[in-house]
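Trainee: Kindly return the folded structure for what I paste below:
(one chain, ligands or ions: 2)
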Amino acid sequence: TTEIYTLSLHDALPILLLLIWNGIFSKEGSSMKTLLRGGYVVSGRGCRRADVLIDGEKVEMLGHIPPELAAQSEVVDVTGCMLFPGFIDAHTHFDLDVCSTTTADDFESGSKSAIRGGTTTVIDFACPNKGESLAYGLNLWHKKADGKCYCDYGFHMTIDDWNESIESELDAMFDAGITSFKMYLTYPAMMIGDGAVYRALKALKTRGGIAGVHCENAGVIDARIAELKASGLGADVVSHPISRPDYLEAEAVSRLLRIAQAADAPVIIVHTTNRASLDEIAAARRRGQTVYVETCPQYLALDDGVYYDPDFSSAARYVCAPPIRSQEDSEALWKALRRGEVQTISTDHCSFTLEQKDMGRDDFTKIPGGLPGVETRGEVVYTVAINENKLSLGGVCRALSENPAKLYGLYPRKGVIAAGSDADIVVYDPGASHVLHGADMLSKAGYTPFEGFRTNGGVSKVYLRGQLQVDSGKVVGGKMGEYLKRGKCAL
Ligand code: DUC
Ligand code: ZN
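Mentor: Ligands and ions are numbered 1, 2, ... in the order given. You can find the predicted model right below:
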């Protein structure tokens with residue numbers, strides 16, 4: 001049966017107004033398509049010449065676009081540019097309390113900084129304190145992030161407490177779109193102990209989840225810190241890398257991988273810095289274990305010489321854990337990236353101003369640990385990869401976009417430019433070049449660890465779900481970032 005409604009003007013007016021409002025304001029360009037013409041679409045397999053037609057939030061088609069569709073579109077000339085799937089930074093800490101202070105970047109400045117650098121999705125770490133529920137932590141992170149983001153965002157959940165009550169919350173986390181978790185083998189405030197790590201890995205595995213683990217040996221590092229302070233080196237920034245050597249990271253990697261072997265569970269080693277750790281990972285893979293590996297730009301493009309600057313502030317800005325390692329370690333990481341043994345490059349963006357870093361002038365353990373990086377990751381990785389022939393274009397795309405999308409349950413909505421995917425697109429101009437300066441950054445840190453670095457190419461435009469968010473390197477869009485419910489690992 002067909003029902004016929006007759007509406008009075010009084011009833012119809014709100015509907016009419018809504019239609020007019022939608023036509024004018026919502027999804028600007030949804031009736032008008034956008035055609036990116038003349039570019040090279042980059043995927044994990046390399047790059048090819050293809051035009052890209054965007055309809056609303058999605059990629060409609062790529063390749064040769066029929067003239068009748070092109071005629072209905074706003075044509076954007078991207079001749080000669082690389083079109084990358086929006087970069088995904090799966091390791092950020094925005095609005096986080098550390099060392100009795102709070103990171104310089106909250107979700108607003110952090111996500112603005114991210115989008116400018118071509119990152120269209122961040123996955124931040126929701127972090128309840130010990131004694132708080134996961135639900136409390138998730139709610140708190142939504143309060144910090146919702147309505148404030150210039151890029152899309154998801155959360156990992158930190159497990160820094162393990163008991164029946166926390167375990168009983170896991171299903172609710174999966175329902176909320178959280179499929180990846182974080183655990184720490186260092187930092188007393190975050191550690192749960194080897195037995196609890198084993199139990200948690202098993203509990204996550206039965207639900208199809210996965211954990212990323214911060215691997216550094218806690219006890220020996222604390223003992224070395226005490227020794228350094230006793231010998232009068234407590235105010236010396238170099239004590240930071242000396243207290244946390246590569247082999248104490250490798251020890252924790254090895255231990256975690258044996259715990260994962262016992263639990264028969266896959267794991268992710270986050271912010272991997274060195275060759276000794278890669279050796280432990282290779283050994284676990286030879287045993288048949290599934291291990292995913294993340295590294296960060298600071299471990300690929302810098303070396304531990306940064307800690308030897310006699311000026312406190314110049315050295316303290318590089319304090320992060322694990323510390324920046326030797327050039328040989330950086331070479332080993334690039335080689336592992338080329339071989340597919342390291343899958344992702346994220347930032348561990350955890351930003352503090354130089355004034356905040358100053359808190360540790362008399363005691364290096366009070367320097368808040370972490371670097372800004374979410375704004376510069378794409379350009380720094382592209383530049384070193386291409387200039388120094390460290391990694392192919394396809395390899396860059398896999399590490400920055402495709403693999404994090406697959407690993408963290410966002411693929412193929414994110415991580416690829418394909419029909420039906422979100423139109424998250426970085427227009428990268430390989431003919432451009434600029435020098436990175438802290439003063440130009442949108443991050444509130446006020447400095448960049450890559451000061452003076454000359455880029456090869458540059459992020460020119462960024463589209464987030466079809467909307468132009470960055471143009472000529474400037475943020476022109478708004479806080480349209482949405483929370484992403486993620487699926488399970490598919491890498
Ligand atoms: N390391 C840092 O340097 N900062 C934040 C968290 C971490 O693991
Ligand atoms: Zn981190």
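Trainee: hey, let's count contacts and neighbours off CA atoms from now on
Mentor: Will do.
Trainee: Next one, pLDDT for the residue nearest in space to the middle of the chain please.
Mentor: Closest to where the C-alpha atoms of the chain average out (CA atoms, centre = their mean) is residue 89, at 1.8 Å. If you check residue 89, the pLDDT there is 99.
Trainee: Then residue 447?
Mentor: Value for residue 447, per-residue pLDDT: 98.
Trainee: one step back: wait, a strand at the residue nearest to the centre of the chain?
Mentor: Yes. Assessed by DSSP: H, G, I helix; E, B strand; the rest coil, residue 89 belongs to a strand.
Trainee: okay but it is in contact with residue 376, surely?
Mentor: No. If you go by CA atoms under 8 Å, residue 89 and residue 376 don't touch, sitting 11.2 Å apart.
Trainee: Residue numbers of the protein in contact with ligand 1?
Mentor: 320, 321, 350, 369, 370 (CA under 6 Å from any ligand atom).
Trainee: out of those residues, what pair is the most spread apart?
Mentor: Maximum pairwise distance among the residues of the chain next to ligand 1 (CA to CA): 10.6 Å, between 321 and 350.
Trainee: Which residues are in contact with each of these two?
Mentor: Counting by CA atoms under 8 Å, 6 or more residues apart in numbering, the contacts common to residue 321 and residue 350 are 369, 370.
Trainee: Of those two, which one has the most company?
Mentor: Set residue 321 next to residue 350 and count neighbours by other CA atoms under 10 Å: residue 350 wins out with 27 against 21.
Trainee: If you drop the residues flanking it in sequence, what lies closest to that one?
Mentor: residue 370 (4.7 Å; CA to CA, 6 or more residues apart in numbering).
Trainee: these two touch, right, the one you found and residue 348?
Mentor: Yes. Using CA under 8 Å, residue 370 is in contact with residue 348, at 7.4 Å.
Trainee: With neighbour numbers in mind, choose between those two.
Mentor: residue 348 (27 against 24).
Trainee: Report the strands that pair with whichever strand or helix holds residue 463, each with its relative direction.
Mentor: According to DSSP states H and E, residue 463 maps onto strand 458-464. Strand 458-464 sits in its sheet next to strand 425-429 (antiparallel), strand 467-471 (antiparallel), going by DSSP bridges.
Trainee: And the average pLDDT for that strand is what?
Mentor: Strand 458-464 comes out at a mean pLDDT of 98.
Trainee: next one: stretch 183-195
Mentor: Here the average pLDDT along stretch 183-195 is 96.
Trainee: Buried ones in it, by neighbour count?
Mentor: Judged by neighbour count (16 or more other CA atoms under 10 Å), stretch 183-195 contains these buried residues: 183, 184, 185, 186, 190, 191, 192, 193.
Trainee: could these go into JSON lines alongside secondary structure?
Mentor: Supplementary listing: those in JSON lines, determined by three-state DSSP:
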{"residue": "183", "secondary structure": "strand"}
{"residue": "184", "secondary structure": "strand"}
{"residue": "185", "secondary structure": "coil"}
{"residue": "186", "secondary structure": "coil"}
{"residue": "190", "secondary structure": "coil"}
{"residue": "191", "secondary structure": "coil"}
{"residue": "192", "secondary structure": "coil"}
{"residue": "193", "secondary structure": "coil"}
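Trainee: where does this structure dip in pLDDT?
Mentor: Across the chain, the ranges flagged by pLDDT under 70 are 1-31.
Trainee: tell me how far the ends of stretch 355-368 are from each other?
Mentor: One end of stretch 355-368 sits 10 Å from the other (CA to CA, to the nearest Å).
Trainee: Oh, that last question was meant for stretch 164-174, not what I typed.
Mentor: Using CA to CA, the gap from the first to the last residue of stretch 164-174 comes to 17 Å.
Trainee: quick one: contacts of it?
Mentor: With CA under 8 Å, 6+ apart, stretch 164-174 has contacts from 133, 134, 135, 179, 200, 203, 204, 207.
Trainee: Run the chain-centre distance for that stretch.
Mentor: 25 Å (CA atoms, centre = their mean, to the nearest Å).
Trainee: Who are the contact partners of whatever residue of the stretch 51-200 of the chain ends up closest to ligand 1?
Mentor: Nearest residue of the stretch 51-200 of the chain to ligand 1 (CA to the nearest ligand atom) works out as residue 93 at 6.9 Å. Counting by CA under 8 Å, 6+ apart, residue 93 touches 103, 124, 125, 348, 349, 350.
Trainee: did I read that right, the third one in a strand?
Mentor: Yes. Residue 125 forms part of a strand when assessed by three-state DSSP.
Trainee: Tell me who's in contact with it.
Mentor: With CA under 8 Å, 6+ apart, residue 125 has these contacts: 91, 92, 93, 155, 156, 157, 158, 182.
Trainee: Helices along the stretch 251-400 of the chain, start to end?
Mentor: 275-286, 297-301, 312-316, 327-338, 354-357, 377-387, 393-397 (DSSP state H, counting those that start in this stretch).
Trainee: Next, count neighbours for the residue in the stretch 101-250 of the chain that ligand 1 sits nearest to.
Mentor: Residue nearest to ligand 1 within the stretch 101-250 of the chain: residue 214 (6.4 Å; CA to the nearest ligand atom). Using other CA under 10 Å, residue 214 has 24 neighbouring residues.
Trainee: now do residue 68
Mentor: 8.
Trainee: With residue 221 instead?
Mentor: Neighbours of residue 221 (other CA under 10 Å): 19.
Trainee: residues of the helix or strand it falls within that come out buried?
Mentor: According to DSSP H and E, residue 221 maps onto helix 218-230. Judged by neighbour count (16+ other CA under 10 Å), helix 218-230 contains these buried residues: 218, 221, 224, 225, 228, 229.
Trainee: follow-up on the earlier one: the residue nearest to the centre of the chain and residue 118: what is the separation?
Mentor: Applying CA to CA, the value for residue 89 to residue 118 is 10 Å.
Trainee: Would you confirm that residue 319 contacts residue 367?
Mentor: Yes. The pair residue 319 / residue 367 is scored as a contact, 7.2 Å apart, by CA under 8 Å.
Trainee: coming back round to it: any idea how far the residue nearest to residue 350 is from residue 94?
Mentor: 11 Å.
Trainee: Residue 237 now?
Mentor: 25 Å.
Trainee: Now do the strand holding residue 463 and helix 377-387, the angle between them.
Mentor: On the basis of axes from the mean of the first three to the mean of the last three CA atoms, to 10 degrees, strand 458-464 is oriented at 130 degrees to helix 377-387.
Trainee: what comes up buried for strand 458-464?
Mentor: Judged by neighbour count using 16+ other CA under 10 Å, the buried positions of strand 458-464 are 458, 459, 460, 461, 462, 463, 464.
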